[in-house]
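>>> Build me a model from this:
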Amino acid sequence: MQQIDNVLNQAVQSGDIPGVVAMVATDSGLVYEGAFGTRKLNDGPAMTLDTVFRIASMTKAVASTAAMQLHEQGKFGLDQPLGELVPELAVLEVLEGFDPDGKPKLRPATQPVTARQILTHTAGFGYEIWNPSLGQYQKATSTPGIASGKKAALKMPLAFDPGERWEYGINTDWVGQLVEAASGQTLDVYLKQHIFEPLGMADTGYNPPAAKHPRVAPTTVTDGQALRGIVHDPRARKTAGIAGHAGLFTTTPDLAKYARCLLNGGAPIFTPETVKLMTTAQTPDTLTLQRGLGWD
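Next comes the predicted model:
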């Protein structure tokens, strides 16, 4: 494993990253672990295996796991119209453009949205940061952005009819709403009780308590050439809202527990049949990808 150590240590020494934690695991157990550099750019303390990271959109996988638990329990069908469980999804409109005055032109969606569609990003929802039309709609209607953490940010029209094509978007935020509706619990409480605690993921959650703040690594960004400093220090503020798309903090060992759960057939949080369903392609090969996202 010396070769892995050398690669990671070189990334730190060259200034590509302030620090890194890496683990390799199989269904049988841990194969490699290592920590190099510091938690904060140009500053200590040293990076350690128990460093807590904000994992951004990796939250989506965990929220989707929660939804599949509830599907396994018969709380909803994958192709059931979600408006039956989540009233806000009962009546949806598709954005067709804007009139000369910049007013959005909307029409009713041709079919209802399903759980399978929001889980596979084929429901018609997009992100305003990558879909110019949705960005224009957001500005024209003063709808808050998804980063605000406000539920009002979900009040966006569809970019296309459900099932028509694939586009990365706020779908997993609706997965979070589905989990809450089907379970009767808030998303953070559900994840803690039904995923984190059964798997022993003691360092995983939305808002790290004060006792864990010293272990939190602030987020940094790069322009492709060099690091540009800290975006924010998660220890100094709470996540904006509890959402399905992002917001979780965790450690590398905790994530390894989650990954090994899937490798080992889902025990103790769900069955091998559900894991097989989750790891089987759910979209047809002919499905169109949304243009402009690098998959033209």
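
>>> For the closest residue to T114 other than its chain neighbours, report the pLDDT, please.
Of all residues not flanking T114 in the chain, D79 sits nearest, at 4.9 Å (Cβ to Cβ, 6 or more residues apart in numbering). Every residue, glycine included, has its C-beta placed from N, CA and C. D79 is assigned a pLDDT of 96 by the prediction.

>>> any idea how far the residue nearest the centre of the chain is from A246?
The chain has K60 as the residue nearest its centroid, 2.6 Å off, counting by Cα atoms, centre = their mean. For K60, the distance to A246 (Cβ to Cβ, to the nearest Å) stands at 8 Å.

>>> can you give me the helices in the stretch 101-250 of the chain?
Remark: helices assigned in the stretch 101-250 of the chain by DSSP state H, counting those that start in this stretch are 115-119, 132-141, 171-183, 187-191, 197-199.

>>> Burial check on R107, number of neighbours?
For R107, the neighbour count with other Cβ atoms under 10 Å is 12.

>>> ditto for N42
N42 has 10 neighbouring residues, counting by other Cβ under 10 Å.

>>> who touches the residue nearest to it when sequence neighbours are not counted in this structure?
Nearest residue to N42, sequence neighbours excluded (Cβ to Cβ, 6+ apart): P18, at 7.2 Å. Taking Cβ atoms under 8 Å, 6 or more residues apart in numbering, we find P18 in contact with 12, 37-42, 47, 220, 227.

>>> Apply 7 Å and report the result again.
37-38, 40-41, 220, 227 (Cβ atoms under 7 Å, 6 or more residues apart in numbering).

>>> quick one on the thing from earlier: any idea which of the helices of the stretch 101-250 of the chain gets closest to T251?
helix 197-199 (12.5 Å; Cβ to Cβ).

>>> For that closest one, name the packing helices and strands.
Packing partners of helix 197-199 (3 or more Cβ pairs under 7 Å, 6 or more residues apart in numbering; DSSP states H and E): helix 252-263.

>>> On the C-terminal side of the helix it packs on, identify the next helix or strand.
Heading C-terminal from helix 252-263, the first helix or strand you meet, by DSSP states H and E, is helix 272-278.

>>> Other residues contacting stretch 69-80?
With contact meaning Cβ under 7 Å, 6+ apart, stretch 69-80 is reached by 85, 114-116, 179, 182-183, 194, 269-271, 274.

>>> possible to save the residues you listed as a markdown table with pLDDT?
Shown next, in a markdown table, are the contacts of stretch 69-80 (pLDDT from 0 to 100):
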| residue | pLDDT |
| --- | --- |
| L85 | 97 |
| T114 | 97 |
| A115 | 97 |
| R116 | 96 |
| V179 | 98 |
| A182 | 98 |
| S183 | 98 |
| H194 | 98 |
| I269 | 97 |
| F270 | 94 |
| T271 | 96 |
| T274 | 96 |
